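A.B. asks: the sequence and its predicted three-dimensional model are supplied below.
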Amino acid sequence: MDSEKEITEHVSNIVLNQDQLTYNDKLTPESGNDYLLYSPSVVGYSSEAEQQYMFLNLLMGFDGSMYSLLDIGCGRADLYDYITKRSARIISYQGIDHNPNMSDLAKQKYDIDVINDKFETAELKNTDWVVASGYFTPRRCETESEDLQKLFKDIDKMYSLANNVVSFNMLSPIGNEVVDGFFYVHPGLIMDMLIEKYRYVTVKNNYSEDVYTVTIYKF
């Protein structure tokens, strides 16, 4: 597990790299290709520091026993860069995103190939860790009931593909303005339903007012 010392060092690294983070955060569409490659806005984050904290929370406990990871809705595969820099061993990374533009950016930025396909129908190999960052943020169905059914169906597929751990984040409606087009699920509902089905589940509402992280362990 990540220790308090490791988390402190990670936060320190963010501070030490503040100049680069500030540059990335200030990029605009007028900045050209740098905007597509480095701006956090392109992949749905308000700042690069927010993206880093979210990755840290999603991968809490990723250690030497894990050597393969599937990144669902990988975007330009920034998680690949994050995990390879943190790991002392070579990690087998596989990303999947339905947007071909994002797949092109991943190739351009990190020289890796990601799958351009829909997660729901793609044939994927099992990995130690299956993660989805921001994948469940947009509404995908006409009704809340349909959205919930699709969510739990996708979680079930993630669970079947994971050897050890599934982790993903969700938007919380608690104390937040609910914006049309975005998918909000009460963390208590998620906790109850997933524990009943998978048993070993944690919900961490520990770093954001509107986003929480769910982790499912397979033992």
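C.D. replies: Everything's here; your move.
A.B. asks: from now on I want contacts and neighbour counts done on CA atoms only, so please keep to that.
C.D. replies: Noted.
A.B. asks: who does the top helix by length along the chain touch, helix- and strand-wise?
C.D. replies: Using DSSP state H, we find that the single longest helix of the chain is helix 144-161. Applying 3 or more C-alpha pairs under 8 Å, 6 or more residues apart in numbering; DSSP states H and E, one finds that helix 144-161 contacts strand 127-132, strand 162-171.
A.B. asks: all helices of this structure, in order?
C.D. replies: In the chain, the helices defined using DSSP H lie at 4-16, 18-26, 33-38, 48-58, 78-86, 100-110, 144-161, 187-198.
A.B. asks: let me know the angle separating the last one from helix 144-161.
C.D. replies: Between the axis of helix 187-198 and that of helix 144-161 there is an angle of 40 degrees, by axes from the mean of the first three to the mean of the last three C-alpha atoms, to 10 degrees.
A.B. asks: now do helix 187-198 against strand 162-171, angle only.
C.D. replies: Between helix 187-198 and strand 162-171, the angle comes out at 160 degrees (the same axes, to 10 degrees).
A.B. asks: and residue 23, what's its pLDDT?
C.D. replies: pLDDT for residue 23: 83.
A.B. asks: against residue 36, how distant is it?
C.D. replies: Distance from residue 23 to residue 36, counting by C-alpha to C-alpha, to the nearest Å: 13 Å.
A.B. asks: so these two - more neighbours on which side?
C.D. replies: Using other C-alpha atoms under 10 Å as the criterion, residue 23 and residue 36 rank with residue 36 on top: 20 against 12.
A.B. asks: wait, the more buried one sits on residue 42?
C.D. replies: Yes. Here residue 36 lies in contact with residue 42, judged by C-alpha atoms under 8 Å, at a distance of 6.2 Å.
A.B. asks: wait, what's in contact with the residue nearest the centre of the chain?
C.D. replies: The chain has residue 133 as the residue nearest its centroid, 1.8 Å off, counting by C-alpha atoms, centre = their mean. The contact partners of residue 133, taken as C-alpha atoms under 8 Å, 6 or more residues apart in numbering, are 55, 58, 71-74, 168-169.
A.B. asks: name the residues that touch the longest helix of the chain?
C.D. replies: For helix 144-161, contacts defined as C-alpha under 8 Å, 6+ apart pick out 120, 124-127, 130, 136, 139-141, 165-166, 183, 216.
A.B. asks: would you turn these into a markdown table with distance to residue 98, neighbour count and pLDDT?
C.D. replies: Output for the contacts of helix 144-161, formatted as a markdown table (distance: C-alpha to C-alpha, whole Å; neighbours: other C-alpha atoms under 10 Å; pLDDT from 0 to 100):
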| residue | distance to residue 98 | neighbour count | pLDDT |
| --- | --- | --- | --- |
| 120 | 10 | 11 | 91 |
| 124 | 14 | 12 | 95 |
| 125 | 17 | 9 | 93 |
| 126 | 19 | 17 | 95 |
| 127 | 20 | 23 | 94 |
| 130 | 17 | 27 | 96 |
| 136 | 14 | 21 | 95 |
| 139 | 16 | 16 | 92 |
| 140 | 14 | 16 | 91 |
| 141 | 17 | 14 | 90 |
| 165 | 23 | 25 | 94 |
| 166 | 20 | 28 | 96 |
| 183 | 19 | 21 | 95 |
| 216 | 24 | 23 | 96 |
